[in-house]
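Colleague: just coords:
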């Protein structure tokens with residue numbers, strides 16, 4: 001039977017355009033790639049995407065050979081800025097982490113073998129920068145944005161207003177989950193979950 005993280009953790013992969021909700025995410029294992037700057041102009045962004053997907057599917061077929069079959073989960077990302085709150089308009093100052101969840105059977109040893117196997121098929125320098133890490137999002141608020149990636153500001157403001165109205169404080173980085181394939185979906189129909197970590201404690 002093929003497992004699907006989107007179904008196993010359905011509340012984390014469904015959201016409403018109209019109203020934000022609170023969720024609690026468990027610690028998950030991710031392949032990660034870090035970079036900075038405007039994703040539309042920094043070639044490392046596309047290089048990181050290609051390396052992440054290449055390794056995710058290489059690992060999928062390696063584990064399928066061991067009897068584990070699963071759907072590769074959607075791409076996610078973390079966004080932040082140094083010494084400032086995340087601003088969707090100051091693209092040159094963005095820092096980002098691209099990441100794809102992995103099953104618990106993916107280990108650092110298996111990742112190293114997958115990198116070696118992928119490099120034999122295609123020279124991708126970014127492969128060496130992919131790391132395996134546990135990310136614990138914990139309690140967060142999320143909302144669905146429908147439309148181009150560069151037009152999330154209004155949806156973010158609705159999300160942030162919800163957080164403030166509920167008496168929570170922001171914690172952690174701006175988090176996005178991409179539910180649509182941009183190669184097959186018109187920009188105006190792209191679905192992206194916007195997530196922000198929250199806490200009842202004042203962050204120092």
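Modeller: Looks like it arrived, so ask away. Keep in mind it's a predicted model, so treat the numbers as computed, not measured.

Colleague: tally of neighbours for residue 43?
Modeller: Using other Cβ atoms under 10 Å, residue 43 has 11 neighbouring residues. All C-beta atoms are positioned from the backbone trio N, CA, C, and that covers glycine.

Colleague: and the residue most central in space within the chain, what does it touch?
Modeller: Nearest to the mean C-alpha position of the chain, by Cα atoms, centre = their mean, lies residue 76 at 1.3 Å. Residue 76 makes contacts with 30, 98, 99, 100, 101, 175, 176, 177, 178, as judged by Cβ atoms under 8 Å, 6 or more residues apart in numbering.

Colleague: from those, which single one is nearest residue 9?
Modeller: The nearest member of the contacts of residue 76 to residue 9, counting by Cβ to Cβ, is residue 101 at 9.0 Å.

Colleague: which residues does the closest one bridge with?
Modeller: Under DSSP bridges, the beta-bridge partners of residue 101 are residue 30.

Colleague: next, count neighbours for the nearest residue to residue 200 once chain neighbours are set aside.
Modeller: Nearest residue to residue 200, sequence neighbours excluded (Cβ to Cβ, 6 or more residues apart in numbering): residue 168, at 6.2 Å. When counting by other Cβ under 10 Å, one arrives at 19 neighbours for residue 168.

Colleague: kindly report the same for residue 92.
Modeller: Close neighbours of residue 92, defined as other Cβ under 10 Å, add up to 9.

Colleague: same question, residue 198
Modeller: Here the number of neighbours of residue 198 (other Cβ under 10 Å) works out to 20.

Colleague: residue 165 is in contact with that one, correct?
Modeller: No: using Cβ atoms under 8 Å, residue 198 is not in contact with residue 165; the gap is 11.7 Å.

Colleague: can you pull out the strands in this structure?
Modeller: Shown for the chain, the strands assigned by DSSP state E span residues 21-25, 28-36, 76-80, 95-102, 131-135, 138-146, 169-178, 191-199.

Colleague: tell me the strands beside the last one, with direction?
Modeller: Spelled out, it's strand 191-199. strand 138-146 (antiparallel), strand 169-178 (antiparallel).

Colleague: just put these in TSV and tack on mean pLDDT.
Modeller: Shown next, in TSV, are the strands paired with strand 191-199 (pLDDT from 0 to 100):
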stretch	mean pLDDT
strand 138-146	97
strand 169-178	95
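
Colleague: I'd say residue 53 and residue 100 touch.
Modeller: Yes: with contacts defined as Cβ under 8 Å, residue 53 counts as touching residue 100 at a distance of 7.4 Å.

Colleague: these two: which is more packed in?
Modeller: A count of neighbours by other Cβ under 10 Å puts residue 100 above the other of residue 53 and residue 100, at 22 against 15.

Colleague: list the residues that contact that one.
Modeller: By Cβ under 8 Å, 6+ apart, residue 100 lies in contact with 30, 31, 52, 53, 56, 72, 73, 74, 75, 76.

Colleague: could I get the buried residue list for the longest helix belonging to the chain?
Modeller: With secondary structure taken from DSSP state H, the chain has its longest helix at helix 43-64. Neighbour counts over helix 43-64 (16 or more other Cβ atoms under 10 Å) mark 44-45, 47-49, 51-52, 54-56, 58-60, 62-63 as buried.
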